[in-house]
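# I'll drop the sequence and a predicted model, then ask my questions.
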Amino acid sequence: MEELFERQMAMYVTYHRDKRNRATHFLGIPAIVYSLIQLAALVRLPVGEGELSLAVLLTGAAWVLWVLLNRAIGLTMGLFLVPSLLAAEYVARTHGDATVWTVFAVAFVGGWVLQLWGHVYEGKRPALLSNLFQALIGPMFLVAEVFAHLGWQPELLARVERLAAEREAAAAR
């Protein structure tokens, strides 16, 4: 899984070299992820005598996948996922569907506006248009950027950068 993660991260990096693009992604990606969690929190599934939201299931599945792809980055994703899930569940349980749909729409559309604005700076289309798996890599990229800033996992980041440089050189030929 680590090799798959590194290859996918390298692809993502090649679409996100511009610092302004990366900056818009630090707001846009979390907004989109939260919007999807918020919408999924509306769907309640019966479990025994109680119920569970689709948000719990999808967020849990995504988190497990992220941990399998890279343990440190995946576990760190929980610092965003758990509060997002708790907030989405709270809004879904205490407010009407109209509020949930409004929160979803504002966060989803706002997040995508930021994403696309960033890609205007980059001069490249979003990576997920080339590979849908990139939608799962984007949030991990943000954590990897924080890790790089903190000097954590330098070997991983060096391998990803080497793979990205190889992709860019092959594309230039």
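Received the coordinates, thanks. Values in this document were obtained by computation on a predicted structure and should not be read as measured data. Numbering: from 1, shown residues only.
# surely Leu39 meets Ala105?
No: taking contacts as CB atoms under 8 Å, Leu39 lies outside contact range of Ala105: 9.3 Å. Any C-beta I mention is one placed from the backbone N, CA and C, and that applies to glycine too.
# Neighbour count: the two, which is higher?
More crowded of Leu39 and Ala105, by other CB atoms under 10 Å: Leu39, with 21 against 13.
# pLDDT score assigned to the closest residue to the more buried one other than its chain neighbours?
Leaving out its chain neighbours, the residue that sits closest to Leu39 by CB to CB, 6 or more residues apart in numbering is Phe104, at 4.5 Å. Confidence at Phe104, expressed as pLDDT, is 97.
# Could you measure from the spatially closest residue to Ile29 that is not a sequence neighbour over to Gln115?
For Ile29, ignoring the flanking residues on the chain, the nearest one in space by CB to CB, 6+ apart is Gly138 at 5.0 Å. Applying CB to CB, to the nearest Å, the value for Gly138 to Gln115 is 9 Å.
# returning to that earlier point: could you say which helix or strand contains the residue nearest to Leu39?
Assigned by DSSP states H and E, Phe104 belongs to helix 97-122.
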